[in-house]
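Engineer: Turn this into a structure:
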Amino acid sequence: MAKPRVLATHRLFQPARTILQEHCDAEYWEKPERPPREEVLRRVKDKEALICLLTEKVNEELLQAAPKVKIAANVAVGFDNIDVAACTKRGVVATNTPGVLDETTADFAWTLLMAVARRLGEGEALARSGKWKGWDLDQLVGTDVWGKTLGIVGFGRIGRAVARRASGFQMKVIYTDAVRPTPEVEKELRVEFRDMNALLAESDFISIHTPLLAETRGLFNAEKFERMKRTAFLINTSRGPVVDEAALVTALENGKIAGAALDVFEKEPAIHPGLKRPNVVLAPHMASASLETRTKMASMAAENVVAVFKGRRPANVLNPEVLKG
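Structural biologist: Predicted structure coming up:
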């Protein structure tokens, strides 16, 4: 019996390739640059599964070009690149890779927080420039993290992982989320609930961990920045469009907030030129980029594909109603 044919729009890591090799006939995009859209549409035509990244739009156009596809497996926890409704309409299972990247992403959120608070980017640039004149009392003085108030917007797995790390800094942690956890969880994590406006007013650091949904697109806008402390910093490792970049640039230019640290952007890979300023730390969407975590993500996507063709339920299904048909 012929193995199901799979297109992976990335070369993936070897453990994922090993999983696919045993059960599928897999074709990979081996080049370091992203595959052109027309190339993806051409190659997927005769495939029964697609393993894709956030950079590939799985929409009606692609699904029409791939009538045999049974599963679209995203190598990411976010899935704003997938039209889940279109997949459901065509009976295509859509999956993602949550869970495995929580701790790694939380680590990186803290990396950004510390970097912007202590002006690490500016210091690193000075040290490399050859212009450093030596130690001085008021050189690159930043702000303490210890004992400050951390506000977390979006209190899912990653938000909670960020909260756990705050205890070592003896920070007060407040959060806001549409779904409030039990009092037991709040007590265990030593966090307090606030509505959005209260969180904005109280926080010294605000870390965003909400998914990109219709209601969260542009969530951080001019009104939100007006409500923040002038000494506060914004950290975003969720999705770029959650923040209105033009409004953020205006807030930074006018001193409405002290700075920002961003791993994601509205129109990646483009970055608003107004964000390239000393009090903004920039990273190229790398919060989950440890070798261990990215390997697990790719392997999970491969396992999701194999599960569908073995008649099993994948671990992370975005449209479970398809499996009930």
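Engineer: name the element the closest residue to A260 other than its chain neighbours belongs to?
Structural biologist: Excluding the flanking residues, the one nearest A260 by C-beta to C-beta, 6 or more residues apart in numbering is L234, at 4.4 Å. In this view, the C-beta of every residue, glycine as well, is placed from N, C-alpha and C. Assigned by DSSP states H and E, L234 belongs to strand 233-236.
Engineer: for that strand, packing partners?
Structural biologist: Here strand 233-236 is seen to pack against helix 102-117, strand 205-208, strand 259-262 when contacts are counted using 3 or more C-beta pairs under 8 Å, 6 or more residues apart in numbering; DSSP states H and E.
Engineer: And the helices in this protein, which stretches?
Structural biologist: Counting by DSSP state H, the chain has these helices, from start to end: 14-23, 37-43, 60-65, 84-89, 102-117, 120-129, 157-166, 183-189, 196-202, 222-227, 245-253, 291-309.
Engineer: In JSON lines: the ones you listed, plus mean pLDDT and distance to D263.
Structural biologist: Output for those, formatted as JSON lines (pLDDT from 0 to 100; distance: least, C-beta to C-beta, whole Å):
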{"stretch": "helix 14-23", "mean pLDDT": "97", "distance to D263": "23"}
{"stretch": "helix 37-43", "mean pLDDT": "98", "distance to D263": "25"}
{"stretch": "helix 60-65", "mean pLDDT": "98", "distance to D263": "27"}
{"stretch": "helix 84-89", "mean pLDDT": "98", "distance to D263": "24"}
{"stretch": "helix 102-117", "mean pLDDT": "99", "distance to D263": "6"}
{"stretch": "helix 120-129", "mean pLDDT": "98", "distance to D263": "13"}
{"stretch": "helix 157-166", "mean pLDDT": "98", "distance to D263": "12"}
{"stretch": "helix 183-189", "mean pLDDT": "98", "distance to D263": "23"}
{"stretch": "helix 196-202", "mean pLDDT": "99", "distance to D263": "21"}
{"stretch": "helix 222-227", "mean pLDDT": "99", "distance to D263": "19"}
{"stretch": "helix 245-253", "mean pLDDT": "99", "distance to D263": "13"}
{"stretch": "helix 291-309", "mean pLDDT": "98", "distance to D263": "14"}
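Engineer: picking up where we left off before, and the helices and strands packed on strand 233-236: which comes nearest V153?
Structural biologist: strand 205-208 (4.9 Å; C-beta to C-beta).
Engineer: list the helices and strands that closest one packs on?
Structural biologist: Counting contacts by 3+ C-beta pairs under 8 Å, 6+ apart, strand 205-208 packs against helix 102-117, strand 149-153, strand 233-236.
Engineer: of all the ones you listed, which gets the most neighbours per residue?
Structural biologist: Highest mean neighbour count of the helices and strands packed on strand 205-208: strand 233-236, a mean of 28 (counted as mean count of other C-beta atoms under 10 Å).
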